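S.K.: okay, here's the prediction I keep looking at, along with the sequence it came from:
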Amino acid sequence: MLMPVVLANVAAAKNQQKTTSVPYVFRTLLVPDRPAERSRIVKKHDPWFTGKAVPAQAVVLNTSISIPGTPIVLEKGLPLSVATSAVFMACQKDRSVPNGIGGMGRSPICLIDQDEDGILDSWFKSSINIVWSSYSGHLQRDDIYPIGKIPTTQLSPEEIYSLEPWDTFAIRYMGGMLTYCAGDSDVCLWEAPKIKPSDTEQTVEFMDGVFSYKKIDGGHLAVRMIRDPKGVVY
């Protein structure tokens, strides 16, 4: 799967009139594990196989930076998820600051190329999840704070695949489908192939992989990975 370049939208953005808000969303790449045991017995709704969630696009900081007005330092080499947006912006997932009414909430610290020259130069508080983002945020331009030029390096697809997990996912039988779910939750993809386990072994394609499944005693399933699934973007 080819990954879009980080600055693909920047040139187009320069030809657009600036508005008071900037829409953005973060895409998550799901990377399946390569298990040593490809056949297993699972409870009906337990994971068949698992994998990691990482940014679909990412950069790393070329230098450490201090966030003004906070005690937070973003270290050199820190990976950031690049947003799908008309403006170059990127967020890390672990450092957050108080936000919302009375500062009761927490928001991740993000960086943005406010002057649209291809280099991050300001920071803001994200209003949406960095991983498993299911809707777009709308950044108000008066909520952007200058910080100075911040050089970054874009990660290749191979480097993104090798990142440490930002989260995990599980391929599971849920809601009459073979689907994937975030972590160990019931937050799942609801546009997935329908299956109906029976005493007869069946096969199903999912995430470009092929799996077999069969209902056995005790409400369990015998499952097998026939063809490795591939990474997909959520």
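M.R.: That came through, no problem. Numbering: from 1, shown residues only.

S.K.: this structure - how does it break down into domains?
M.R.: As assigned by automatic domain parsing, the chain contains the domains 10-26+55-160, 28-54+164-228.

S.K.: in the protein, spot the strand with the most residues.
M.R.: If you go by DSSP state E, the chain has its longest strand at strand 89-99.

S.K.: after it comes which helix or strand?
M.R.: Of the helices and strands lying after strand 89-99 in sequence (DSSP states H and E), the nearest is strand 105-112.

S.K.: got the CA positions of the helix or strand following that next one in PDB?
M.R.: Next helix or strand after strand 105-112 toward the C-terminus (DSSP H and E): strand 120-125. Extracted in PDB, the C-alpha atoms of strand 120-125 (Å, rounded to 0.1, in the frame of the first residue of the first chain):
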ATOM      1  CA  LEU A 120       5.900  23.200  11.400                       C
ATOM      2  CA  ASP A 121       6.000  26.400  13.300                       C
ATOM      3  CA  SER A 122       3.100  26.600  15.900                       C
ATOM      4  CA  TRP A 123       1.200  24.400  18.300                       C
ATOM      5  CA  PHE A 124      -2.400  23.700  19.300                       C
ATOM      6  CA  LYS A 125      -4.600  21.400  21.400                       C
END
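
S.K.: got the angle for strand 120-125 vs strand 89-99?
M.R.: Taking axes from the mean of the first three to the mean of the last three Cα atoms, to 10 degrees, one finds strand 120-125 and strand 89-99 inclined to each other by 40 degrees.

S.K.: and the helix or strand following strand 120-125, which residues are buried?
M.R.: Using DSSP H and E, the helix or strand that follows strand 120-125 in sequence is strand 137-140. Under the neighbour-count criterion of 16 or more other Cβ atoms under 10 Å, strand 137-140 has 137, 139 buried. The C-beta positions use only the backbone N, C-alpha and C, and glycine is treated the same way.
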